[in-house]
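J.: The following comprises the amino acid sequence and a computationally predicted model.
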Amino acid sequence: MPSVRTLRPFFLWAVVLFCLAILWEVIMGDSQSSTEPTGQVVNSLAPATESRLAQAVMRDAEGQPDTYSGFHLLQDGLSAFVARAALIQEASVSLDLQYYIYEDDTVGRILTSLLLQAADRGVRVRLLVDDLGTRVDNPWIAVLDQHPNISIRLFNPVAGRSGIGRAIEQALNFGRINHRMHNKLMVADGQLMITGGRNIGDGYFSHANVEFFDVDVLAIGAVLPEASRIFDEYWNYKVSVPVDLLPLTAADDQTLDQLRQEVTNFLANEAESEFTEALKNSDFAQALINDQVAFYWGPASLYADPPSKALKRDEIPVEEFPGYQLEKVIRSAKQRLSISSAYFIPGDVGSELFGELERRGVQVKILTNSLSSNDVAIVHGAYARYRMTLLRSGVDLWELRTVAGQEKRQHWFHGKSSATLHAKTFVIDEDRGFVGSINLDSRSIIQNTEIGLLMENGEINQQLNNLFEEWVAPDSAWHLVLNEQGKLRWQAQDANGALIEVDADPETSWWQRSLSWLLSWLPIEAQI
């Protein structure tokens, strides 16, 4: 997404395209959404039972109730990358991956290389990506799709693949294209799953100029059949289009054997990269197989929007939306509620809900991005309208600093990077925790499809709470307060532990603050 600095030259075009889209919607309604099914119906394979992974999962589940699931948090980027790679390397039957963003960068290519190797040893691979989040113009993609064990589909695609044609279609088909698949899900052998906030890309795994603070959960047990069912529902939905039906730019004459050689050369060139070294030195796969990865057990609920939200949102009962289900969980809090949300626009309803919880004695803490760490100025502008209301109601509010966790990141990888919050987590009382793709804004609740896992376990609850407290520490986040005159102030600490207090959005220019304020007046809160 564009940064505050890059929004300036495109602001006028964005307004023009938005107005054209609204006009077209008024004229045409949903006439553009009569898409027919385009791909063959294909469902999940039976879970593996004889593989090393399957046997390890069965041993972990011994003595647990059949209705329980096991959870293991993936808190840092390196662990999250290694876990995904380990599942791909150990899979023996099937791999199903569903992502909003799948980048053609170091992480993306390493994992794609491993997927090709898995397919070569007989594993069936299905990859479903969102067409706006992931521009599928990587030459590898069309060739990979030629593999008899690999299938790739795009969710809700735009017919135009590049240039002005794509932009025009996005405007004219705004009613359909505005609904994106924001889900993040990986299922290996029907026995293990990973879900959370991370897409596939260097930044999500601590290896980019901008690092995303995020968290995933590795889960086993009773929740797995539901994960496979949800993936199948999306895979077989009418707007999940096989890539061979779309006009890609890849060369038609490249063969799978040539791609295998290219993969070999790529991995050789990356032999000394941080990620390749991490894989070589990691014992995560062996730890999984040897029952050395700690899983914490309890009931779980996997919330996911129906894929039909992309076409028929108004026909779906509100009870089926994860946002509605999460609201019920939030309202049930009795002691504490700690939320991290990359994009946070509570609206009047959300502000009243958090104020109501405070009045009932629930301690409400919320962490979101500052203007300097947010990659979408218009989102920050919309959120900023609710800061005073939240603070006056007693809510504790923090905004992430761009310098958050710098020493830790330099320990993992070379060079410096700025931080941005990408996590979507909830800590409810002392027994429940939620990890998923759902931001607390209208785009997640109303427009996009989302997924997330609610876990009932005291240890997972405490781990998520510890992570939240680490993120809101004074060297990591700005604490927003009201001074004696009722004016908004930002407080933090410098490297020596001394108090820093500022009276405007920290680490930003006058132009950035002005642009965010101006954008906040656009009547499009339901779209962001």
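T.: Structure received. Since this is a predicted model, take the numbers as computed values, not measurements. Numbering: from 1, shown residues only.
J.: now the residue nearest to Gly221 when sequence neighbours are not counted: how far from Ser332?
T.: Among residues not flanking Gly221 along the chain, Ser69 sits closest, at 3.7 Å (CB to CB, 6 or more residues apart in numbering). Glycine gets a C-beta too; all of them are placed from N, C-alpha and C. Distance, Ser69 to Ser332, by CB to CB, to the nearest Å: 20 Å.
J.: One more: Glu319?
T.: 16 Å.
J.: what's the answer for Lys312, then?
T.: 30 Å.
J.: So what's the gap between stretch 486-498 and the chain middle?
T.: Distance, stretch centre to chain centre, for stretch 486-498: 30 Å (CA atoms, centre = their mean, to the nearest Å).
J.: Strands along the stretch 251-400 of the chain, start to end?
T.: 296-298, 300-304, 336-341, 363-369, 396-400 (DSSP state E, counting those that start in this stretch).
J.: List of residues touching the shortest one?
T.: It stands for strand 296-298. When contacts are defined by CB atoms under 8 Å, 6 or more residues apart in numbering, strand 296-298 is touched by residues 64, 68-72, 221, 455-457, 459-460.
J.: Can you give the strand pairings for it, parallel or anti for each?
T.: When pairing is defined by DSSP bridges, strand 296-298 lines up against strand 69-74 (antiparallel).
J.: quick one: contacts of the partner strand?
T.: 60-61, 64, 80, 83, 194, 196, 215-224, 293-300, 435, 453, 455, 457, 460, 463-464, 467.
J.: That one vs strand 300-304, what angle?
T.: Comparing the axes of strand 69-74 and strand 300-304 via axes from the mean of the first three to the mean of the last three CA atoms, to 10 degrees yields an angle of 70 degrees.
J.: chain center to strand 69-74: distance?
T.: With CA atoms, centre = their mean as the basis, the mean position of strand 69-74 lies at 17 Å from the chain mean.
J.: Report the buried residues of the following helix or strand past it.
T.: Toward the C-terminus, strand 69-74 is succeeded by helix 77-90 as the next helix or strand (DSSP states H and E). Across helix 77-90, burial judged by 16 or more other CB atoms under 10 Å covers 77-90.
J.: could I get helix 77-90 in PDB with only the CA atoms?
T.: The C-alpha coordinates for helix 77-90 follow below in PDB (Å, rounded to 0.1, in the frame of the first residue of the first chain):
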ATOM      1  CA  GLY A  77       9.300 -13.500  11.800                       C
ATOM      2  CA  LEU A  78      12.100 -15.900  11.600                       C
ATOM      3  CA  SER A  79      10.200 -18.600  13.500                       C
ATOM      4  CA  ALA A  80       7.100 -18.000  11.300                       C
ATOM      5  CA  PHE A  81       9.100 -18.400   8.100                       C
ATOM      6  CA  VAL A  82      10.900 -21.600   9.300                       C
ATOM      7  CA  ALA A  83       7.600 -23.100  10.500                       C
ATOM      8  CA  ARG A  84       6.000 -22.700   7.000                       C
ATOM      9  CA  ALA A  85       9.100 -24.000   5.300                       C
ATOM     10  CA  ALA A  86       9.200 -27.000   7.600                       C
ATOM     11  CA  LEU A  87       5.500 -27.900   6.900                       C
ATOM     12  CA  ILE A  88       6.200 -27.700   3.200                       C
ATOM     13  CA  GLN A  89       9.300 -29.900   3.400                       C
ATOM     14  CA  GLU A  90       7.600 -32.500   5.600                       C
END
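J.: Which strands or helices does that helix pack on?
T.: helix 52-61, helix 106-120, strand 184-188, strand 192-196, strand 216-221, helix 274-281, helix 284-289 (3 or more CB pairs under 8 Å, 6 or more residues apart in numbering; DSSP states H and E).
J.: Any regions of the stretch 351-500 of the chain where pLDDT drops low?
T.: For the stretch 351-500 of the chain, the stretches with pLDDT under 70 are 375, 405-417.
J.: Where does pLDDT dip in the stretch 201-350 of the chain?
T.: 207-208, 248-253.
J.: can you count the residues close to Ala492?
T.: Neighbour count for Ala492, taken as other CB atoms under 10 Å: 22.
J.: List phi and psi for it.
T.: The phi/psi pair for Ala492 (degrees, to the nearest 10) reads phi -160, psi -170.
J.: rewinding a little: separation between the residue nearest to Gly221 and Ala56?
T.: According to CB to CB, Ser69 stands 15 Å off from Ala56.
J.: quick one on the thing from earlier: selection in ChimeraX covering whichever of the contacts of strand 296-298 are buried, please.
T.: Here is the ChimeraX selection string for the buried members of those, based on 16+ other CB under 10 Å:
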select :64,68,69,70,71,72,221,455,456,457,460
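J.: Tabulate the contacts of strand 296-298 (a markdown table), appending distance to His422.
T.: Formatted as a markdown table, the contacts of strand 296-298 follow (distance: CB to CB, whole Å):
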| residue | distance to His422 |
| --- | --- |
| Gln64 | 32 |
| Tyr68 | 29 |
| Ser69 | 24 |
| Gly70 | 25 |
| Phe71 | 20 |
| His72 | 20 |
| Gly221 | 27 |
| Met455 | 20 |
| Glu456 | 25 |
| Asn457 | 23 |
| Glu459 | 24 |
| Ile460 | 20 |
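J.: if we can go back for a sec, of the helices and strands packed on helix 77-90, which is nearest Asn265?
T.: Minimum separation from Asn265 across the helices and strands packed on helix 77-90 (CB to CB) falls at helix 106-120, 10.4 Å.
J.: which parts of that closest one are buried?
T.: Residues of helix 106-120 classed as buried: 106-116, 118-119 (neighbour count, 16+ other CB under 10 Å).
J.: Just the buried subset of the contacts of strand 69-74, please.
T.: Buried by 16+ other CB under 10 Å: 60-61, 64, 80, 83, 194, 196, 215-224, 293, 295-298, 300, 435, 453, 455, 457, 460, 463-464, 467, out of the contacts of strand 69-74.
J.: And this structure, split by domain according to the record?
T.: 40-289, 304-527 (automatic domain parsing).
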